[in-house]
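In: A structural model of the following input is requested.
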Amino acid sequence: MTVQQKRKPKVWFITGTSRGFGRVWTEAALKRGDQVAATARNLESIADFKENYGDKVLLLELDVTNPDQVRLALDQAVEYFGRLDIVFNNAGYSLVGTIEESDPEEVRALYETNIFGPLAVIKAALPILRKQGYGHILGTSSNLGHITLPVIGYYCSSKWAFESLHESLAAEVAQFNIQVTIVEPGAYATEFGSKQSLKFADGMDIYHGFKEKFFGNLSSMERGNPEATAQALFTMVDSENPPLRFNLGSHNLVGIKAAYNERLKTWEEWDEVSQSAQG
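Out: Sure, this is the predicted structure:
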């Protein structure tokens, strides 16, 4: 009789664990026996993890827009656990406002958290993972990394940038036995729509009706159960060959296929003109 080999617990470093997917995945990882360095801007918001899981969890105060704090948090996690198997960039928020309404400073602040924050984590983590000789970098993107919606166009743009950065990263770090996966959830019933995860640009009257209709359509959208995502995530990270892109939810692929089919149709219709520009 063959005895099944016991799974070795993984060590996770996760940003943005106070709510939404970050909280769900942190709790689920701890429940299955893994160890987690859980980070949040406010440690009180994640204090219950320590109460419930003791030494399996390390709570770290972290603002991902502070590179010095990022480096310190990763060093503390390695010192505490001895290694990092998974580095998971999950922190982020959305800016609500049309392209015309949103202030450039608001857009810069969005990119500081959604792009430059994850980059700081990646840059600080890579020397650690290279020294280990392995590691898996995960990043929470969205199906909106492939398609867009109005009114949250700047959020969508941050996810398009997030996707391309991780695709380039995957090609660059494969030589070090470091894997990269972009996690792309669809619409879920998380706190993502709460005031804590949204910032609103000052509105212009000319867009009031348009946004009212948009939010009406958004409120009627079917949303998945975030608790159902954990096992799918674990199946992916436990696989020998995890994908670069990993959809979560049953509606993503339909929408993405439609978007790419429409793009291909347009490119093909204009192909003769496009080819004439070759010279």
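
In: Can you list the residue ranges for helices in this structure?
Out: Shown for the chain, the helices assigned by DSSP state H span residues 20-31, 47-53, 67-81, 104-111, 117-132, 153-173, 208-219, 229-237, 252-269, 271-276.

In: How about the second one, which residues are buried there?
Out: Along helix 47-53, the positions that meet the burial threshold by neighbour count (16 or more other Cβ atoms under 10 Å) are 49, 53. Just so you know, the C-beta spots here come from the backbone N, C-alpha and C atoms, and that holds for glycine as well.

In: Packing partners of that helix?
Out: Under the contact definition 3 or more Cβ pairs under 8 Å, 6 or more residues apart in numbering; DSSP states H and E, helix 47-53 sits against helix 20-31, strand 35-40, strand 57-61.

In: wait, which of the helices of the chain is closest to N89?
Out: Of all these, helix 117-132 sits nearest to N89, with 3.9 Å by Cβ to Cβ.

In: what mean pLDDT would you report for the closest one?
Out: Here helix 117-132 scores 98 as its mean pLDDT.

In: now stretch 137-151
Out: 93.

In: Just give me how far it sits from the chain centre.
Out: Relative to its chain's centre, stretch 137-151 lies at 8 Å (Cα atoms, centre = their mean, to the nearest Å).

In: Check stretch 58-70 too.
Out: In this view, stretch 58-70 has its centroid 17 Å away from the chain centroid, taken as Cα atoms, centre = their mean.

In: One more: stretch 238-246?
Out: For stretch 238-246, the distance to the chain centre is 15 Å (Cα atoms, centre = their mean).

In: Give the buried residues for that stretch.
Out: So, applying 16+ other Cβ under 10 Å, buried residues of stretch 238-246: 245-246.

In: hmm, back to that, if I average pLDDT within each of the helices of the chain, which one is lowest?
Out: When mean pLDDT is averaged over each of those, helix 208-219 scores lowest at a mean of 85.

In: For that helix, name the packing helices and strands.
Out: Counting by 3+ Cβ pairs under 8 Å, 6+ apart, helix 208-219 packs on no helix or strand.

In: contacting residues around it?
Out: Outside helix 208-219, the residues within contact range by Cβ atoms under 8 Å, 6 or more residues apart in numbering are 98, 149-151, 203.

In: Go again with 6 Å.
Out: V151 (Cβ atoms under 6 Å, 6 or more residues apart in numbering).

In: One more: stretch 95-112?
Out: Here stretch 95-112 has contacts from 65, 152-155, 158, 198-201, 204, 207, using Cβ under 6 Å, 6+ apart.

In: What's the ChimeraX line that selects buried ones from those?
Out: ChimeraX command restricting the contacts of stretch 95-112 to the buried ones, with burial defined by 16+ other Cβ under 10 Å:
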select :65,152,153,154,155,158,199,201,207
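
In: possible to save the contacts of stretch 95-112 as TSV with distance to P242?
Out: Listed next are the contacts of stretch 95-112 as TSV, based on distance: Cβ to Cβ, whole Å:
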residue	distance to P242
T65	28
I152	28
G153	30
Y154	29
Y155	26
S158	23
L198	30
K199	32
F200	36
A201	37
M204	44
Y207	41
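
In: Could you let me know which of the contacts of stretch 95-112 ends up closest to R245?
Out: S158 (16.6 Å).

In: List the residues that contact that closest one.
Out: 110-111, 114-115.

In: And these, which is closest to E51?
Out: Nearest to E51 out of these is N114 (Cβ to Cβ; 30.6 Å).
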